[in-house]
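> 3D model of this:
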Amino acid sequence: MSCAVNYNDAIIKEVVGELLEVGEGPFWDSENNVLYFVDISQHRVYRFYQTRLEHVQLDEEVSFVIPVAGQQGLFVIGLGTTLASLRWNLHENIYKVVELAIVDHGKVGNRWNDAKADVNGYLWAGTMGFEDAAGNIPPGRGTLYKLNDTGCFQNLDPVLPDVSVSNGLAWNDDGTRMYYIDSPTRQIALFDYDPATATISNRRTFYDFKTDNIPGVPDGMTIDAYGNLWIANYNGAQVLHVSGTSAKLLGKLKIPAEKVSSVTFGGPQLDKLYVTTISRGVTPEKFNEYPMTGKVLEVSGLGVRGTPNRRIREKCFRLFLTVVMTYGAVNYNGASIREVADDVMVHGEGPFWDHENNVLYFVDISQHHTDVSFVIPVRGQQGLFVIGLGTTLASLRWNLNEKTNKVVKLTTVDSNKPGNRWNDAKADANGYLWAGTMGFEDAAGNIPPGRGTLYKLNDTSCFESLEPVLPGVSVSNGLAWNGDTNRKTFYDFKTDNIPGVPDGMTIDANGDLWIANYDGAQVLHVSGTSGKLLGKLKIPAEKVSSVTFGGPQMDKLYVTTLSRGVTPEKFHEYPMTGKVLEVSGLGVRGTKNNRIREKCFRPSWIEFF
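Modelled structure (predicted):
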């Protein structure tokens, strides 16, 4: 179905006078009649509301901005290769950005590109490789990801790997067809889409630019109320109108800008077409030929209406929302500290909050024939854990409602270093296990330097060969992640005259670090961006070993401590020595602990474990 479209006499005007380098990602907010868009290379998110243009200035390339359903002023943005939230209320030009997840690890120069929410509100977002000054982009370095309710920010689903420039996305009205653009192919691909499972299948070429000798490449696209596609023609100075059923070219809307990047329908009646364009790399001659280059344009009088842009479903944000909305001053002095249990730990360590079952796991390293250093659940496998046992990496089968358990050896490290043992470990955002070792600690607390190693468990070799990432460490300890890939000194205890040494650590929802201060009787709160000491949480135990956030709202800080080697005088001075502690009332929330990805635990092995 279609209607007569007025391509030639439509009115094209500039939305604002602002010149964009790489205008992209237009989103019409039908609830508030606001147009959002980005300038990727100038690191800006814009909004145009009534007659007012405002923007936020960010630190990295920002590729898209999409609101979260049911949450005024909360958006998801693509920031470099980081998926982040942006809190930006409509009537206040103040904002806050919080990191959610990072993708494309190891692909230097990659960034997010286009993104949309599907008929269910699931975010689909794709990446691309680094574009050099000549416009060259390495092929096959991008991926199309999907954010679903199962893993949320801990596990974005890589749906289509090896794409070059992941771009336009659109779904038909009943959600049975998904259209997709990988720009260098110069084609629009079509998939069958299953709304019940949010999965795609049966990829085929739907429309090929060669068919009608179209110049340039396809970029962003949208779909109208008749199910027909409107495709931004980058380096073609036009928007193509293509039938969503027959793939026939219905018409061409000429645009006074050569580099047309994306399109969306908007306006109170959804009868205006908003078009973003690019000025980067455009010569003075081309500026003269295409006078609206680099502008955001509004096309009216087309005689066609669009479909509303979809927001991202809020399920993954239910816990996260309160963090973003209420984070403020941290209550170091008025926080409540209590003992979790009566047991006195000789060497309490490795706290892990299982948010799926509301269970706190931890270890006592010394109270066993073989030191056990950490316990981390395996994703998608109830009751299956990975533990550090001496220098052995092992599985532990321990179901929640049963007291029986089973341990299976997986691999051993540091076989030529007698006395070594595992120490701290964490799973990263992708679920890869990072675990480190240390040398033998004698009765006086002396540890030989440089005998430990930080290892990583990956999908390639699994338990056959753990990858030694950092050899020559002394006491491999706390781990936390953000997007930085370069090693450097981030915070030095000397800076603020901190006693003792750092031990385990965790990271909160604002990206700030909480560091156990062994022999310091405190937990340090350090900015995750500036490295500035934000505050100190005093703990009634001198030997603070590790920390993690937990509780149903992730607003409690769990702290493990040691009693080994503590004198009676110190026990009297620090009455919660050797206890596992719960700190509440801090006024800050943490991030969920990552489970270990299950790929190395193939289904055929699970019964054995």
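> which ones are touching the residue nearest to residue 265 when sequence neighbours are not counted?
In space, and not counting its chain neighbours, residue 265 is closest to residue 306: 2.1 Å by CB to CB, 6 or more residues apart in numbering. The way it works is simple: take the backbone N, C-alpha and C, and place the C-beta from them, glycine included. The neighbours of residue 306, taking CB atoms under 8 Å, 6 or more residues apart in numbering as the test, are 222-225, 230, 264-266, 270-271, 273.
> Can you tell me which of those residues is nearest residue 206?
Comparing the contacts of residue 306 against residue 206 with CB to CB places residue 223 closest, at 12.5 Å.
> do you know how far that closest one is from residue 29?
According to CB to CB, to the nearest Å, residue 223 and residue 29 sit 18 Å apart.
> same thing with residue 5?
From residue 5 to residue 29 the distance is 25 Å (CB to CB).
> With residue 554 instead?
The gap separating residue 554 from residue 29 is 29 Å, by CB to CB.
> show me the biggest strand of this structure in terms of residues.
strand 199-208 (DSSP state E).
> Any buried residues in it, and which?
For strand 199-208, a neighbour-count test (16 or more other CB atoms under 10 Å) marks 200, 206-207 as buried.
> list the helices and strands the helix or strand residue 351 falls within packs on?
Residue 351 belongs to strand 348-354 when assigned by DSSP states H and E. Contact partners of strand 348-354 among helices and strands, from 3 or more CB pairs under 8 Å, 6 or more residues apart in numbering; DSSP states H and E: strand 359-364, strand 372-377, strand 421-427, strand 501-507, strand 544-550, strand 556-561.
> nearest to residue 331, of those strands?
Of all the helices and strands packed on strand 348-354, it is strand 556-561 that lies closest to residue 331, at 11.4 Å by CB to CB.
> from the chain's centre, how far out does that closest one sit?
25 Å (CA atoms, centre = their mean, to the nearest Å).
> what do you get for stretch 199-212?
30 Å.
> contacting residues around that stretch?
Contact with stretch 199-212 is made by 159, 178-179, 186-194, 216-218, 229, 242, 247, 249, as judged by CB under 8 Å, 6+ apart.
> now these: which count as buried?
Buried by 16+ other CB under 10 Å: 159, 178-179, 186-191, 193, 216-218, 229, 242, 249, out of the contacts of stretch 199-212.
> Keep only those of those residues that are in helices.
Residues from the buried ones among the contacts of stretch 199-212 lying in helices, with DSSP state H as the criterion: none.
> Okay, domains of this protein per the record?
Using the TED database, the domain parsing of the chain gives 11-300, 328-478+496-604.
> that older thread, between strand 544-550 and the strand holding residue 351, find me the angle.
Comparing the axes of strand 348-354 and strand 544-550 via axes from the mean of the first three to the mean of the last three CA atoms, to 10 degrees yields an angle of 0 degrees.
> roughly how far out does strand 348-354 sit from the chain middle?
The mean C-alpha position of strand 348-354 is separated from the chain mean by 23 Å, CA atoms, centre = their mean.
> Please list all residues in contact with the residue nearest to residue 380 when sequence neighbours are not counted.
If the residues on either side of it in the chain are set aside, residue 380 comes closest to residue 598, at 4.9 Å by CB to CB, 6+ apart. By CB under 8 Å, 6+ apart, the residues touching residue 598 are 378-381, 431.
> Redo those residues as CSV? Include distance to residue 126.
Formatted as CSV, these follow (distance: CB to CB, whole Å):
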residue, distance to residue 126
378, 29
379, 24
380, 25
381, 30
431, 21
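> For the residues you listed, work out which two are farthest apart.
Within those (distances taken as CB to CB), the two that end up farthest apart are 381 and 431, at 11.8 Å.
> neighbour count winner among those two?
residue 431 (22 against 17; other CB atoms under 10 Å).
> SS state for that one?
State at residue 431, reduced to three classes by DSSP: H, G, I helix; E, B strand; the rest coil: coil.
> And the one 4 residues further on, by the same measure?
Per three-state DSSP, the local secondary structure of residue 435 is strand.
> Check residue 124 too.
With three-state DSSP as the criterion, residue 124 reads strand.
> now it: how far from residue 285?
Residue 124 is 38 Å from residue 285, by CB to CB.
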